[in-house]
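A.B. asks: sequence first, predicted coordinates after that:
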Amino acid sequence: MLSNSLIELDRAHLVHPVASYRGHERLGVRVLSSASGATVTDATGRQLVDGFAGLWCVNAGYGHESIVEAAARQMRELPYATAYFGLGSEPAIRLAAELAERAPGDLNHVYFTLGGSDAIDSTVRFIHYYHHAKGTPRKDQFISLEQGYHGSSTVGAGLTALPAFHAGFGIPFDWQHKIPTHYTYRNPVGDDPQAIIAASLMALRRKVEEVGADRVAAFYAEPIQGSGGVLVPPKGWMKAMRDLCRELDILFIADEVITAFGRTGPLFACAEDDIVPDFLTVAKGLTSGYVPMGAVFMTDHIYNTIADSAGASAVGHGYTYSAHPVCAAVALEVLRLYEGGLLENGRKAGARLMEGLKSLGDHPLVGDIRGRGMLAAIELVTDKERKTPLPAVADPSRRIFDRAWENGLVIRAFANGVLGYAPPLCCTDRDIDAIVDRTRKTLDQTLEDPDVRAAMV
């Protein structure tokens, strides 16, 4: 089918996520037709380095035949098996065991979902059940961070603290509370790591006091806030917050939907942070985006409390496609590829990426460069000393994305002028250098925009 026919069909029928529907109808879709390694090709034949791994998810890179074969083999043998009625499949059982073996601490129990949003929703249900089992049902209030992202489902979008996910939807709910983020570059207390950690600890204590110590059930945090602008906390922040949650008898949920599976270096970012959360959520890199799958890890204590309370009764939470055998077979092969060299390559590529992005620090528009491993961001400003953001009229989310695309690069361009990077772990030196070079070209072109120039006067 001709690409212009696809554009018209898309315009008429396909509803795109987090998009201006009328704006998308006007602009039309960009159709991707093929991909290999870290390169995607659109329907016009344009090749681009995918500096964002799809949506933070194609960690292994595109075109691994062994992943394709794993899915095809499983489809031939057993394309579906429910996990209801005490049934199961070998791939799902083996995947749960392999993940539990590698997870931090005693996160030994794994519930499979189809993505990050329903993984977060599952934690909320499990947490409510846990507190009812403990005889503390009044613990029904949840706290998360401003600029955090915990999915786009009805419940998860309320834990998310980004305005676009709330406007018009009637959320957050009154049991969902927020505290300020650690955002080092723009933190009111300055950029001293210990001051930022102390401010976050105080903010959580105060919020718990405000809500009621006997009411707060859980606190959610990402090791690095992804959709909030790739906000990297000071070293020790996660551990300090986890320790405080334990002191206050609050469950700590680490949302690793973006950061797990080599994105920051190891399989789990929590391993670097030296913490064991009560729940840990993953998705995206679990299958490298080849098929949909997510997971919730829970500690022995959480699992046993729920199991003992339920006794012979069923715990009434489940999805039709939980523990899907094809998804599990893909995840097992992806895990093999990670440990067969991709994690190590990702560490090397991540060091090169950060070095390359830091070389852009002298550019007039670059205010901050931050990241860890293959997860990074550049924050653009029109005044470095005052940290003045790009003017809204510059429309960075559209204009910079379009410009980078024309330069052969896919990045995440946020509305506040932050550029996000999350390339596949398979990137070669040439791929990383292309990301940096094309970013510099994009920045130079943006510097010439009249509205950007005017804001710099």
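C.D. replies: Noted; the coordinates are in hand.
A.B. asks: work out which residue lies at the spatial centre of the protein.
C.D. replies: The geometric centre of the chain, computed from its C-alpha atoms, lies nearest to residue 258 (C-alpha atoms, centre = their mean), at 2.7 Å.
A.B. asks: list phi and psi for that residue.
C.D. replies: Per-residue torsions, residue 258: phi -90, psi -40 (degrees, to the nearest 10).
A.B. asks: what count of nearby residues applies to the closest residue to it other than its chain neighbours?
C.D. replies: Spatial nearest neighbour of residue 258, excluding adjacent residues (C-beta to C-beta, 6 or more residues apart in numbering): residue 226 at 4.1 Å. Quick note: C-beta positions are derived from backbone N, CA and C, even for glycine. For residue 226, the count of nearby residues is 25 (other C-beta atoms under 10 Å).
A.B. asks: any idea how far residue 226 is from residue 157?
C.D. replies: 15 Å (C-beta to C-beta, to the nearest Å).
A.B. asks: hang on, the residue nearest to residue 258 packs against residue 149?
C.D. replies: Yes - between residue 226 and residue 149 there is a contact under C-beta atoms under 8 Å: 6.0 Å.
A.B. asks: overlap in contacts of the two?
C.D. replies: By C-beta atoms under 8 Å, 6 or more residues apart in numbering, residue 226 and residue 149 have no common neighbours.
A.B. asks: quick one: average pLDDT of the longest strand anywhere in the chain?
C.D. replies: In the chain, with assignment by DSSP state E, the single longest strand is strand 376-383. Averaged across strand 376-383, pLDDT comes to 98.
A.B. asks: need the CA coordinates for it. PDB is fine.
C.D. replies: What follows is strand 376-383, C-alpha atoms only, in PDB (Å, rounded to 0.1, in the frame of the first residue of the first chain):
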ATOM      1  CA  ALA A 376      20.400  11.000  29.300                       C
ATOM      2  CA  ALA A 377      19.000  14.500  28.700                       C
ATOM      3  CA  ILE A 378      20.100  17.900  27.600                       C
ATOM      4  CA  GLU A 379      18.100  20.800  29.000                       C
ATOM      5  CA  LEU A 380      18.000  23.900  26.800                       C
ATOM      6  CA  VAL A 381      18.000  27.400  28.000                       C
ATOM      7  CA  THR A 382      18.200  30.900  26.600                       C
ATOM      8  CA  ASP A 383      20.200  32.200  29.500                       C
END
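A.B. asks: mind listing what's buried in it?
C.D. replies: Within strand 376-383, the residues that count as buried by 16 or more other C-beta atoms under 10 Å are 376, 377, 378, 379, 380, 381, 382.
A.B. asks: just checking, the fourth one touches residue 396?
C.D. replies: Meaning residue 379. No - taking contacts as C-beta under 8 Å, residue 379 lies outside contact range of residue 396: 10.6 Å.
A.B. asks: shared neighbours of the two, anything?
C.D. replies: Residues touching both residue 379 and residue 396 (C-beta under 8 Å, 6+ apart): 416, 417.
A.B. asks: which SS state does the nearest residue to residue 285 once chain neighbours are set aside fall under?
C.D. replies: Sequence neighbours aside, residue 261 is the residue nearest to residue 285 in space, at 3.1 Å (criterion: C-beta to C-beta, 6+ apart). Classification of residue 261 by DSSP: H, G, I helix; E, B strand; the rest coil places it in coil.
A.B. asks: numbering from 377 from now on, please.
C.D. replies: Yep, numbering from 377; the last one is residue 637 now.
A.B. asks: contacts only, for residue 637.
C.D. replies: Applying C-beta under 8 Å, 6+ apart to residue 637 gives the contacts 435, 643, 658, 660, 661, 662, 664, 710, 714.
A.B. asks: of those, which belong to strands?
C.D. replies: Going by DSSP E, the strands hold residue 658 from these.
A.B. asks: narrow the contacts of residue 637 to just the buried residues.
C.D. replies: Listed as buried from the contacts of residue 637 are 435, 643, 658, 660, 661, 662, 664, 710, 714; burial here means 16+ other C-beta under 10 Å.
A.B. asks: how is the protein carved up into domains?
C.D. replies: Residue ranges for the domains of the chain, per automatic domain parsing: 407-439+717-832, 457-699.
A.B. asks: want to throw those domains into a markdown table with distance to residue 398?
C.D. replies: Formatted as a markdown table, the domains of the chain follow (distance: least, C-beta to C-beta, whole Å):
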| stretch | distance to residue 398 |
| --- | --- |
| domain 407-439+717-832 | 14 |
| domain 457-699 | 15 |
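A.B. asks: tell me which of those lies nearest to residue 381.
C.D. replies: domain 407-439+717-832 (10.2 Å; C-beta to C-beta).
A.B. asks: helices of the stretch 427-576 of the chain, start to end?
C.D. replies: In the stretch 427-576 of the chain, the segments counted as helices under DSSP state H, counting those that start in this stretch are 429-432, 441-453, 466-478, 492-510, 530-535, 569-587.
A.B. asks: helices and strands around the first one, which ones?
C.D. replies: Translated: helix 429-432. If you count contacts as 3 or more C-beta pairs under 8 Å, 6 or more residues apart in numbering; DSSP states H and E, helix 429-432 packs onto no helix or strand.
A.B. asks: what about it, average pLDDT?
C.D. replies: Averaged over helix 429-432, pLDDT sits at 98.
A.B. asks: and that helix, how far out from the chain middle?
C.D. replies: 9 Å (C-alpha atoms, centre = their mean, to the nearest Å).
A.B. asks: pull out the buried residues from that helix.
C.D. replies: If you call a residue buried by 16+ other C-beta under 10 Å, then helix 429-432 has these buried ones: 429, 430, 432.
A.B. asks: again with the fourth one
C.D. replies: Of the residues in helix 492-510, those with enough neighbours to count as buried (16+ other C-beta under 10 Å) are 492-500, 502-507, 509.
A.B. asks: out of those, which is nearest to residue 700?
C.D. replies: Closest to residue 700 out of these is residue 494 (12.7 Å), distances taken as C-beta to C-beta.
A.B. asks: the closest one is in contact with residue 670, isn't it?
C.D. replies: Yes - contact criterion C-beta under 8 Å: residue 494 and residue 670 qualify, at 6.4 Å.
A.B. asks: low pLDDT regions in the stretch 727-833 of the chain?
C.D. replies: Of all residues in the stretch 727-833 of the chain, none has pLDDT under 70.
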